[in-house]
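Q: mind looking at a prediction? Sequence and model below.
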Amino acid sequence: MAGIGFELRKILSRDSYTATLHAYVYAGLISSGPWVLSIISVMLVGIISLGLLLPNVLVGQFLVTVTYLMATSLILTGGLQLFFTRFVSDRLFEKKYDQILPNLLGILLLVTIAAGVLGIIVLGLLFDQPLIYRVLVLSNFVVLCNLWLVIIFLSGMKAYNRILLVMLVGYTLMVASAYLLSFLQMPGLLLALLIGHSTLLFLFLYDILREYRAEKLIAFDFLQRRQVFLSLLATGFFYNCGIWIDKFLFWFNPGTSHAIVGPLRASILYDLPIFLAYLAIIPGMAVFLVRIETDFAEWYDRLFRAIRDGETLQHIGQLKTEMTLSIRQGLLEICKVQGLTVVLLFLFAPRLLEWLGISSYYLPLFYIDLIGVSIQVVFMALLNVFFYLDKRTVVLELCVLFAVLNGALTLLSMYLGPSFFGYGFTLSLLICVLLGLHRLSTALQDLEYDTFMLSSR
């Protein structure tokens, strides 16, 4: 789904510093926009709420509720995102554009029903909060589950100015609504969240409706056995479990957390540093998107077009060398940019935390989390390359390993004490990246053999 790649190449073809800066800013906003902008918007809602003299306890309950909504919706739909991305990509390759929209509406219908039923059961059995709270939490959960599926189309849409405008409108509306509805207290904040994300969902859906025309309204072709890639469902689930398992372990350990609202718990000690650290990934994500969707994607396309067209083995070998070089340069550039970001934040972290009114006690955990989220950018780049090469088994193995290691090492760090908090997350990613680099080297060495043997079966 390389619509964004075409636009990035078009911008970079102007060959000027301004165009390069334009491309990287655009890539950073698109790649991390929904993620980072949602974090910033929710943080602004919290700041505005405190400024309006809403009780600290109430604001804390809202922020923790939002965190759980994000985590559970991503874990529930993580596999479906990858699974449906593959379905749409295959239909685009086959030029069967009329199948995309009906199947999108089909999967959104199934997700809405599943998320609604699951939400009703959990909220009914585990929560004793007022009905309005449970209804708004359920509504937000369903909208978020649908939004994560719609967002996968952003990388295939070329109207990037429109995408950025929609994001700005949605999150601005969320913050403004929180200000206007603050007199309703918790229901007002949750309603503002719902208004913002619903605006994003329906505006993006409108754009998809305009781009992909179809005669049928709803279809379920993605459920046909030959269209189902179970490994992708498992991969998305384990990847998101890997991202969140350390947080859940800290949340539900009585020694590192406390109850906030209903069964929901939070770990102030652990949550705040990693929350801030994730804001530092924008430079790395920008480089990741530019390099993967320009240099690597272009050489990848030329290589496999040459294989399909029956070019000579020598020519294919030259293209493979160029593609391998683009991967090496892309990963190196991600490491350079994200490494520079980490160094700068290491230098200014004491002042940053002081400016935010956060105790210097958080500095060691903030430092290790910064390294961890930076390694995560490299991990994501490796997974993306493996997806291009259709090494789904390797990706699944890495994601399962990440989830298992993060869980086990986090438990070990909790046993060893506060000085080791955060090391489980960071070390698990480091191990997976090192293993991923080894597997990538092997996959590239065997590329011709695997390609021709698979195509001859």
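A: Good, I have the coordinates. Predicted model, so just to flag it, every value in this text is computed and none were measured.

Q: OK, contacts around the spatially most distant residue from the centre of the chain?
A: Of all residues in the chain, residue 312 has its C-alpha farthest from the mean position, at 39.5 Å, by Cα atoms, centre = their mean. Residue 312 makes no contacts at all, as judged by Cβ atoms under 8 Å, 6 or more residues apart in numbering. Glycine gets a C-beta too; all of them are placed from N, C-alpha and C.

Q: ok, now residue 66?
A: By Cβ under 8 Å, 6+ apart, the residues touching residue 66 are 42, 193.

Q: do residue 107 as well
A: Applying Cβ under 8 Å, 6+ apart, we find residue 107 in contact with 80, 84, 149, 222.

Q: for PyMOL, write a command that selects the buried ones of the residues you listed.
A: Listed next is the PyMOL selection for buried residues among these, using 16 or more other Cβ atoms under 10 Å:
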select buried, resi 80+84+149+222
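
Q: I'd like the contacts of residue 107 as CSV, with pLDDT appended.
A: As requested, those are arranged in CSV below (pLDDT from 0 to 100):
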residue, pLDDT
80, 90
84, 88
149, 88
222, 86
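
Q: buried residues, stretch 436-444. List them.
A: Result for stretch 436-444 [16+ other Cβ under 10 Å]: buried residues 436, 439-440, 443-444.

Q: one more: stretch 55-66?
A: Applying a neighbour-count criterion of 16+ other Cβ under 10 Å, one finds 59, 61-66 buried in stretch 55-66.

Q: next one: stretch 232-252
A: 232-251.

Q: what's the following helix or strand after the longest helix anywhere in the chain?
A: As assigned by DSSP state H, the longest helix anywhere in the chain is helix 313-355. Counting by DSSP states H and E, the element after helix 313-355 in chain order, helix or strand, is helix 363-388.

Q: name the next helix or strand downstream of that following helix, please.
A: Using DSSP H and E, the first helix or strand after helix 363-388 is helix 392-416.

Q: can you put the contacts of residue 107 in a markdown table and add secondary structure and distance to residue 429?
A: Formatted as a markdown table, the contacts of residue 107 follow (DSSP: H, G, I helix; E, B strand; the rest coil; distance: Cβ to Cβ, whole Å):
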| residue | secondary structure | distance to residue 429 |
| --- | --- | --- |
| 80 | helix | 24 |
| 84 | helix | 26 |
| 149 | helix | 26 |
| 222 | helix | 31 |
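
Q: of all the contacts of residue 107, which two lie farthest apart?
A: Maximum pairwise distance in those, criterion Cβ to Cβ, is 11.2 Å, between 149 and 222.

Q: now list whatever residues contact both of the two.
A: With Cβ under 8 Å, 6+ apart, residue 149 and residue 222 have common neighbours 84, 107.

Q: show me what counts as buried in stretch 383-396.
A: Buried residues in stretch 383-396 (16+ other Cβ under 10 Å): 383-389, 391-392, 394-396.

Q: in TSV: those, plus distance to residue 21.
A: Listed next are these as TSV, based on distance: Cβ to Cβ, whole Å:
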residue	distance to residue 21
383	27
384	23
385	25
386	30
387	28
388	27
389	31
391	34
392	36
394	35
395	32
396	37
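
Q: quick check, nearest of these to residue 200?
A: Nearest to residue 200 among the buried residues of stretch 383-396, with distances taken as Cβ to Cβ, is residue 384, at 23.8 Å.

Q: now do the contacts for the closest one.
A: If you count contacts by Cβ under 8 Å, 6+ apart, then residue 384 has 288, 292 around it.

Q: that one and residue 315, how far apart?
A: In this view, residue 384 and residue 315 are 26 Å apart by Cβ to Cβ, to the nearest Å.

Q: which strands and helices lie in contact with the helix or strand containing residue 441?
A: In this assignment (DSSP H and E), residue 441 forms part of helix 423-445. Packing partners of helix 423-445 (3 or more Cβ pairs under 8 Å, 6 or more residues apart in numbering; DSSP states H and E): helix 230-251, helix 313-355, helix 363-388, helix 392-416.

Q: outside of it itself, list whatever touches it.
A: When contacts are defined by Cβ under 8 Å, 6+ apart, helix 423-445 is touched by residues 242, 246, 274, 320, 324, 327, 368-369, 371-372, 375-376, 378-379, 382-383, 385-386, 389, 391, 394, 398, 401-402, 405-413, 450.

Q: mark which of these are buried, thanks.
A: For those, buried by 16+ other Cβ under 10 Å: 242, 246, 274, 320, 324, 327, 368-369, 371-372, 375-376, 378-379, 382-383, 385-386, 389, 391, 394, 398, 401-402, 405-407, 409-410, 413.

Q: can you give me phi and psi for the residue farthest from the centre of the chain?
A: With angles defined as degrees, to the nearest 10, residue 312 sits at phi -70, psi 150.

Q: measure it to residue 122 for me?
A: Per Cβ to Cβ, residue 312 is found 59 Å from residue 122.

Q: and for residue 85?
A: Distance, residue 85 to residue 122, by Cβ to Cβ: 27 Å.

Q: looking at those two, which is more packed in?
A: The residue with more neighbours, out of residue 85 and residue 122, is residue 85; 19 against 16, by other Cβ atoms under 10 Å.

Q: host element of that one?
A: Short version, using DSSP H and E: residue 85 is in helix 56-93.

Q: what's the angle from that helix to helix 392-416?
A: Orientation of helix 56-93 against helix 392-416 (axes from the mean of the first three to the mean of the last three Cα atoms, to 10 degrees) gives an angle of 160 degrees.

Q: what helix or strand is residue 259 on?
A: Using DSSP H and E, residue 259 maps to strand 258-261.

Q: and for whatever helix or strand comes next after that strand, what's in contact with it?
A: With elements assigned by DSSP H and E, the helix or strand that comes after strand 258-261 is strand 264-266. For strand 264-266, contacts defined as Cβ under 8 Å, 6+ apart pick out 60, 64-65, 67-68, 251-252, 257-260.

Q: try it again with 10 Å
A: Residues from elsewhere that reach strand 264-266, judged by Cβ atoms under 10 Å, 6 or more residues apart in numbering: 60-61, 63-65, 67-68, 126-127, 129, 137, 247-248, 250-254, 256-260, 272.

Q: next, the buried residues of it.
A: For strand 264-266, by 16+ other Cβ under 10 Å, it's 264-266.

Q: got a markdown table for those residues, with distance to residue 353 and pLDDT too?
A: Shown next, in a markdown table, are those (distance: Cβ to Cβ, whole Å; pLDDT from 0 to 100):
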| residue | distance to residue 353 | pLDDT |
| --- | --- | --- |
| 264 | 26 | 90 |
| 265 | 24 | 90 |
| 266 | 19 | 87 |
